[in-house]
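Colleague: 3D, please:
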Amino acid sequence: MRSFLPTFALTILVAAAAAQPGDGIPAGPTPSSPQEYPVLWKNIAQRDDMALREASVLKVYGMLASDDASERREALQALAETTAVPFDREPFEPLVRGALRDEEPACRAFALRILKRFGGTQEDLARVAKLADDENYYVRAGVTHTLYQLDPTGSLEVTETTLLKLLADENLHVLRETCRSLWSMPTTAAVDASLVELTNDPERRSDVLYFALSTRPLMGEQVVAQLVHLADSDDIPAESRSRAVWGLTHSRHTTEARSAAAAAMKRWATDAPFPGMREDAVWGLATMGGDDVVGAVRAAMNDENEGVRREATRALVRLGADS
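Modeller: Below you'll find the predicted structure:
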């Protein structure tokens with residue numbers, strides 16, 4: 001089994017060199033003094049002086065209620081850096097919710113990021129969904145992460161509607177971060193259909209396939225069919241073909257999709273053009289189980305590649321057919 005792990009980049013603020021004109025997101029905070037901001041969050045995070053922590057939390061509260069946008073931004077970033085620190089968050093709840101409408105884009109982005117930790121519930125979904133139309137693309141890029149914090153099943157209508165809007169966003173950064181947040185998260189049939197369609201677009205295929213389509217926790221017929229199509233396509237990069245195989249062989253499938261998935265894996269176990277694809281197919285067959293897969297795994301024992309043969313040996317043991 002080969003491992004593909006997500007390289008999450010969930011920090012909202014980015015380097016100024018990467019910023020686009022008019023995005024309104026600064027490179028980082030602008031403390032009142034060179035040391036104030038770093039000391040502030042560290043004073044909250046430290047465990048030795050609870051009086052200092054309490055005083056620092058009160059200072060952040062005051063900054064968050066300030067009329068100065070830079071102070072609000074600093075306060076929200078300090079809160080984002082200390083979400084695991086125990087302190088009374090209830091007084092902050094209305095201020096964090098209010099920051100979703102802040103005039104400063106960085107404040108809206110940080111508020112999205114910490115909303116759940118500061119009392120966010122499904123009643124906030126409409127507020128979060130509204131930010132899918134935000135003029136700032138960094139804010140839009142953070143919406144999906146928060147949607148799933150509030151609706152972990154991704155099954156509510158507002159979540160589905162918002163996801164479809166974000167997947168149709170023309171900004172590639174928004175699409176990429178939306179797909180990152182969809183990694184192994186459950187989706188509706190309509191969202192799956194959108195992901196399938198996006199992988200037909202060469203400009204968007206890589207991100208959508210890597211982060212989203214190949215990581216569906218339960219693959220239905222439309223997802224399985226598209227992954228098989230991509231894996232068998234000679235006109236797309238080898239990396240994408242391999243990712244399609246990895247996705248199909250490292251996920252569960254609905255009862256309706258199992259036969260198509262098994263047929264593809266049995267074929268790839270011996271006939272896929274790259275050893276990694278054959279190795280993943282053998283792994284997938286062992287995971288799927290059933291007497292109908294043993295023959296294809298045995299055939300892989302004769303593969304010219306040592307890694308494939310080794311995986312086939314392991315697979316036969318897992319299937320109880322090593323004798």
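Colleague: Which secondary structure elements does the lengthiest helix in the chain sit against?
Modeller: The single longest helix within the chain, with elements called by DSSP state H, is helix 255-271. For helix 255-271, the packing partners by 3 or more C-beta pairs under 8 Å, 6 or more residues apart in numbering; DSSP states H and E come out as helix 221-231, helix 238-249, helix 275-288, helix 294-300. (Glycine included, C-beta is placed from N, CA and C.)
Colleague: one more time with 6 Å
Modeller: Applying 3 or more C-beta pairs under 6 Å, 6 or more residues apart in numbering; DSSP states H and E, one finds that helix 255-271 makes contact with helix 221-231, helix 275-288, helix 294-300.
Colleague: Could you pull up the mean pLDDT of the host helix or strand of Val174?
Modeller: For Val174, the enclosing helix or strand under DSSP states H and E is helix 172-181. Computed over helix 172-181, the mean pLDDT rounds to 97.
Colleague: dump the residue contacts of Phe211.
Modeller: The contact partners of Phe211, by C-beta atoms under 6 Å, 6 or more residues apart in numbering, come to Cys179, Arg180, Trp183.
Colleague: do that again at 7 Å, thanks
Modeller: Shown here is Phe211, whose contacts under the criterion C-beta atoms under 7 Å, 6 or more residues apart in numbering are Pro6, Cys179, Arg180, Leu182, Trp183.
Colleague: Name the nearest residue to it, ignoring sequence neighbours.
Modeller: Distance criterion C-beta to C-beta, 6 or more residues apart in numbering; nearest residue to Phe211, sequence neighbours excluded, is Cys179 at 3.9 Å.
Colleague: thought the one you found was touching Ala212?
Modeller: Yes: at 4.1 Å, Cys179 counts as touching Ala212 under the criterion of C-beta atoms under 7 Å.
Colleague: neighbour count winner among those two?
Modeller: Looking at Cys179 and Ala212 with other C-beta atoms under 10 Å, you find the greater number of neighbours at Ala212, namely 28 against 25.
Colleague: which stretches of this protein aren't confidently modelled?
Modeller: Low-confidence segments of the chain, defined by pLDDT under 70: 1-38, 323.
Colleague: domains in it, as residue ranges please.
Modeller: What automatic domain parsing lists as the domains of the chain is 29-134, 194-323.
Colleague: how far does the first one sit from the chain's center?
Modeller: When you say that, I think you mean domain 29-134. Here domain 29-134 is found 23 Å from its chain centre; the criterion is C-alpha atoms, centre = their mean, to the nearest Å.
Colleague: before we move on, what about stretch 269-283?
Modeller: On the basis of C-alpha atoms, centre = their mean, stretch 269-283 sits 27 Å off its chain's mean C-alpha point.
Colleague: Tell me how many other residues crowd Leu150.
Modeller: If you count neighbours by other C-beta under 10 Å, Leu150 ends up with 20.
Colleague: I'd like to know how far Gln122 sits from His229.
Modeller: Note on Gln122: its distance to His229, by C-beta to C-beta, to the nearest Å, is 36 Å.
Colleague: who has more neighbours, these two?
Modeller: Set side by side, Gln122 and His229 give different neighbour counts by other C-beta under 10 Å, the larger being at His229 (15 against 12).
Colleague: List the contacts of that one.
Modeller: Contact partners of His229, counting by C-beta under 7 Å, 6+ apart, are absent.
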